[in-house]
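S.K.: model this:
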Amino acid sequence: MYSFMGGGLFCAFVANVLLVVSTATDYWMQYRLSGSYAHQGLWRYCMANKCYMQTASIAYWNATRAFMILSGMACFGGIMAGILSFAQFSAFERFNRSFAAGIMFFISTFFVLVAMAIYTGVTLSFLGKRFGDWRFSWSYILGWVAMLMTFFAGIFYMCAHRMYESRRVVGPR
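M.R.: Model prediction:
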């Protein structure tokens with residue numbers, strides 16, 4: 001049980017770092033514009049070694065930002081529940097912290113999946129046609145990796161919960 005929770009915490013810590021880095025950096029998309037390379041993130045775009053804030057309030061950027069932030073918050077809440085699940089007290093028999101941590105990680109997975117789907121869909125259908133020579137970049141890829149890590153953290157915590165429940169039903173050895 002503790003090995004599943006430890007593996008889940010490792011995946012969750014890595015996922016939370018990746019979520020923060022992915023959300024904060026400016027390399028979601030790279031493209032060639034007027035003969036020079038440019039790149040953009042959720043908050044800024046950079047051209048000719050100068051960066052500018054994204055001042056336009058475009059719905060898909062706002063939605064992607066919001067879901068990435070919600071995902072990071074849910075992942076952090078799952079980490080807190082996961083740490084507390086190591087000190088599971090019998091007074092909380094109806095509320096299992098490892099189960100709560102697993103649910104929080106699955107919620108985080110859902111939020112980052114929605115954020116990445118929105119960004120991917122709009123980029124492929126609108127921006128991809130506008131810029132001829134473009135590609136997704138490393139911040140975008142970190143978002144997908146963070147989604148996988150939060151999913152695996154949820155799986156690990158659900159396995160820990162199943163082991164805890166099966167031991168509780170059978171009784172101590």
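
S.K.: isn't residue 98 right next to residue 84, touching?
M.R.: No. In this structure residue 98 lies outside contact range of residue 84 using Cβ atoms under 8 Å: 9.4 Å. Yep, even glycine has a C-beta here, placed from its N, CA and C like the rest.

S.K.: Same drill for those two, tell me which one is more crowded.
M.R.: The neighbour count for residue 98 versus residue 84, taken as other Cβ atoms under 10 Å, is higher for residue 98 (27 against 15).

S.K.: Give me the distance between that one and residue 67.
M.R.: 25 Å (Cβ to Cβ, to the nearest Å).

S.K.: Ok, residue 96 next?
M.R.: Residue 96 is 27 Å from residue 67, by Cβ to Cβ.

S.K.: again, but for residue 11
M.R.: From residue 11 to residue 67 the distance is 20 Å (Cβ to Cβ).

S.K.: Give me the more crowded residue out of these two.
M.R.: With neighbours defined as other Cβ under 10 Å, residue 11 and residue 67 compare such that residue 11 has more, 24 against 21.

S.K.: Hmm, residue 147 and the more buried one touching each other?
M.R.: No. Here residue 11 does not reach residue 147: they are 11.4 Å apart, not a contact under Cβ under 8 Å.

S.K.: distance between stretch 4-24 and the chain's centre?
M.R.: 8 Å (Cα atoms, centre = their mean, to the nearest Å).

S.K.: So what touches that stretch?
M.R.: 41-43, 65, 68-69, 71-72, 75-76, 78-79, 82-83, 85-86, 98, 101-102, 105, 108, 112, 139-140, 142-143, 145-146, 149-150, 152-157, 159-160, 163 (Cβ atoms under 8 Å, 6 or more residues apart in numbering).
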